[in-house]
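Enquirer: got a predicted structure plus its sequence, pasted below:
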Amino acid sequence: MSIKDDIEKHALESMPAESCGLIIIKKGRKKYIPCRNIASMGNFAIHPEDYANAEDMGVIDTVVHSHVNIPALPSPSDLVQCELTDFKWLIISVPNMQTHEFKPSGYVMPLYGRSFNHGTVDCYTFVRDFYKQELNIELPNFDRTDNWWLSDENLYLENYSKAKFVETNKLEKNDVILMTIGGSKVPNHGAIYLGDGRIGHHQQDRLSSIDVYGGYHQKMTSKLLRFIS
């Protein structure tokens with residue numbers, strides 16, 4: 001079978017979940033390596049073991065995943081991840097088998113109006129992108145699993161010092177506000193204080209937005225953080 005046949009077969013077998021895999025170059029020829037998808041329904045994330053095995057087999061050329069019952073056009077999250085991987089990407093739409101190929105092009109996602117996709121376009125992504133786009137400060141990224149706040153993970157409290165943030169008691173423009181929301185026992189949401197009683201943030205199941213800092217958001221606040229150079 002051809003690479004296209006292998007990709008189509010894997011995409012169909014994976015329905016209703018998205019398939020994912022890698023095209024590698026081995027001994028001068030391309031080969032499709034199907035991988036396990038460890039993300040929640042409607043998203044994809046390649047299992048780290050499968051990614052490492054593909055790297056051992058050859059040179060990674062293209063990241064592949066499917067869209068189920070929607071066009072093969074890349075979502076904003078796909079475009080962001082493509083930039084991060086620095087590889088070519090191929091999306092196949094099932095069941096119509098249309099494909100779309102693209103590569104890194106310098107895409108920068110707007111801060112506001114973005115759709116939520118945990119791990120790639122979420123509240124911490126918003127914090128990182130705000131600091132990069134508005135302040136030209138590159139914050140480190142941290143791996144995070146879905147619903148990490150319901151397990152033993154503690155993304156913000158364990159990592160804020162690594163990103164050069166310290167706690168503060170007086171809120172100033174560009175500070176990070178940590179909130180504990182949705183029944184979590186640990187701070188699980190980050191927002192940026194924009195000044196004049198406003199915050200910029202990206203809450204789960206909502207578009208990123210500018211909101212008034214008061215009422216619910218102020219009540220849920222657990223820590224204030226300030227970046228130190």
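Expert: On my side now, so go ahead.
Enquirer: list the buried ones in stretch 143-158?
Expert: Residues of stretch 143-158 classed as buried: 144, 148-149, 153, 155-156 (neighbour count, 16 or more other C-beta atoms under 10 Å). Any C-beta I mention is one placed from the backbone N, CA and C, and that applies to glycine too.
Enquirer: show me what contacts the most centrally placed residue in the chain?
Expert: Nearest to the mean C-alpha position of the chain, by C-alpha atoms, centre = their mean, lies T120 at 0.4 Å. Taking C-beta atoms under 8 Å, 6 or more residues apart in numbering, we find T120 in contact with 77, 80-81.
Enquirer: now it, nearest residue through space, not along the chain?
Expert: Spatial nearest neighbour of T120, chain neighbours left out: S77 (5.0 Å); criterion: C-beta to C-beta, 6 or more residues apart in numbering.
Enquirer: tell me how many other residues crowd the one you found.
Expert: 21 (other C-beta atoms under 10 Å).
Enquirer: residues contacting it?
Expert: S77 makes contacts with 43, 115, 117, 120-121, as judged by C-beta under 8 Å, 6+ apart.
Enquirer: look up phi and psi at it.
Expert: Backbone dihedrals for S77, given as degrees, to the nearest 10, come out at phi -60, psi -40.
Enquirer: report the separation between it and V63.
Expert: 13 Å (C-beta to C-beta, to the nearest Å).
Enquirer: skip ahead from the helix or strand harbouring C82 and say which helix or strand is next.
Expert: Element membership of C82, judged by DSSP states H and E, is helix 76-85. Later in the chain than helix 76-85, the nearest helix or strand by DSSP H and E is strand 88-94.
Enquirer: let me see the contact set for A72.
Expert: With C-beta under 8 Å, 6+ apart, A72 has these contacts: 91-93, 98-100.
Enquirer: just checking, what packs against the lengthiest strand in the chain?
Expert: The single longest strand within the chain, with elements called by DSSP state E, is strand 59-68. With contacts taken as 3 or more C-beta pairs under 8 Å, 6 or more residues apart in numbering; DSSP states H and E, strand 59-68 sits against helix 3-14, strand 20-26, helix 76-85, strand 88-94.
Enquirer: could you redo the last one with a cut-off of 6 Å?
Expert: strand 20-26, strand 88-94 (3 or more C-beta pairs under 6 Å, 6 or more residues apart in numbering; DSSP states H and E).
Enquirer: picking that back up, distance of the residue nearest to T120 from D6?
Expert: Counting by C-beta to C-beta - S77 and D6 are separated by 25 Å.
Enquirer: how far does stretch 191-205 stretch from one end to the other?
Expert: 15 Å (C-alpha to C-alpha, to the nearest Å).
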